[in-house]
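Trainee: here are the coordinates; sequence isn't available:
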């Protein structure tokens with residue numbers, strides 16, 4: 001068997017063809033490992049290739065087995081914070097695994113990252129077993145490459161066709177009685193200018209507020225310009241967002257925020273994204289209030305929506321309790337791995 005790893009450059013003469021090969025490999029891997037999820041969005045994939053996140057550089061490569069493209073590698077190199085880290089996506093087509101392709105891609109990545117003076121690489125493995133940490137197809141490979149499990153997440157799913165609306169009404173009413181002095185605000189898409197600095201701050205708190213296990217990762221600094229750059233990158237990927245926040249009436253500041261996202265080519269599936277409450281304003285049930293309000297806001301504009309997925313660290317008991325109260329049920333696992341280069 002002849003395994004060859006070659007860099008993927010979009011600007012090269014064969015860049016578009018190589019990108020199509022990478023898409024086909026990733027689409028096959030995701031369908032195999034997460035069959036309950038929507039097909040890989042073409043706009044999200046190609047938009048991501050052409051529009052990296054602000055402050056990041058990317059490197060891509062393909063692995064060929066006897067001339068057939070069977071493996072894909074994507075490396076994200078943060079340029080602002082986390083300059084010793086790299087995020088890695090390494091995928092081998094399900095029909096061509098256990099032939100050394102993954103190891104060849106891994107060795108290629110390590111060599112490139114050492115040239116870039118990176119010290120750690122971080123990646124994820126997905127499993128349809130909700131008991132995260134067991135049985136993900138990539139777990140044995142990650143361990144064999146010297147990585148250690150750093151964080152276990154669980155994917156939970158809300159089936160909107162069986163949603164208990166009276167229970168949501170009860171939870172919302174109970175929450176609102178604790179939320180005096182706050183106003184609920186909603187928006188679709190771009191963050192209004194009046195809330196941009198507050199959203200940038202809340203977003204930067206994720207690493208501090210959510211469990212990250214043994215991952216070595218530095219929080220981003222609040223930055224409105226970066227927020228606008230992220231919005232542009234999300235637009236390029238075809239994502240649309242519904243947002244809800246709680247505004248402190250005394251100061252006018254947005255002190256809690258949550259978001260739900262959909263891809264442009266899928267109307268039945270969404271992700272419940274970030275939910276954050278500024279520490280000084282906790283204890284007023286703002287988290288559950290804005291999650292319920294935002295779910296209903298999104299459904300008003302997305303009548304075909306049937307399923308909402310969300311990820312939580314397996315140890316994040318507080319947020320899990322809120323999601324399960326809304327009706328989310330565990331369906332799959334996601335494991336984060338970290339390796340020293």
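Mentor: That came through fine. Just so it is clear, the structure is predicted and the values come from calculations on it, not from any experiment. Residues are numbered from 1 along each chain as shown.
Trainee: what's the burial count for the residue lying closest to residue 2 once chain neighbours are set aside?
Mentor: In space, and not counting its chain neighbours, residue 2 is closest to residue 66: 5.4 Å by Cβ to Cβ, 6 or more residues apart in numbering. (Each C-beta comes from the backbone N, C-alpha and C, glycine too.) A total of 11 residues lie near residue 66 under the criterion other Cβ atoms under 10 Å.
Trainee: Model confidence for residue 66, exactly?
Mentor: For residue 66, the pLDDT comes out at 97.
Trainee: That one contacts residue 4, correct?
Mentor: No. Using Cβ atoms under 8 Å, residue 66 makes no contact with residue 4, being 9.2 Å away.
Trainee: The nearest residue to residue 181 once chain neighbours are set aside: neighbour count?
Mentor: Counting by Cβ to Cβ, 6+ apart, residue 249 is the residue found nearest to residue 181 once chain neighbours are left out, at 5.2 Å. By other Cβ under 10 Å, the residues close to residue 249 number 11.
Trainee: can you give me the helices for the stretch 151-300 of the chain?
Mentor: For the stretch 151-300 of the chain, the helices defined by DSSP state H, counting those that start in this stretch occupy 165-177, 193-204, 206-209, 224-236, 286-301.
Trainee: The residue nearest to residue 267 when sequence neighbours are not counted: how many residues sit nearby?
Mentor: Once flanking residues are discounted, residue 267 sits nearest to residue 304: 4.1 Å by Cβ to Cβ, 6+ apart. Applying other Cβ under 10 Å, we find 10 other residues in the vicinity of residue 304.
Trainee: Residue 35 too?
Mentor: 8.
Trainee: ok, now which ones touch it?
Mentor: residue 128 (Cβ atoms under 8 Å, 6 or more residues apart in numbering).
Trainee: switch to 6 Å and redo it
Mentor: Applying Cβ atoms under 6 Å, 6 or more residues apart in numbering to residue 35 gives no contacts.
Trainee: and it, that one's in a helix?
Mentor: No. Assessed with DSSP: H, G, I helix; E, B strand; the rest coil, residue 35 is coil; it does not lie in a helix.
Trainee: Any idea how many residues pack against residue 208?
Mentor: By other Cβ under 10 Å, 10 other residues sit near residue 208.
Trainee: Strands along the stretch 1-150 of the chain, start to end?
Mentor: Here the stretch 1-150 of the chain has its strands, by DSSP state E, counting those that start in this stretch, at 3-7, 56-65, 68-78, 85-92, 120-127, 148-159.
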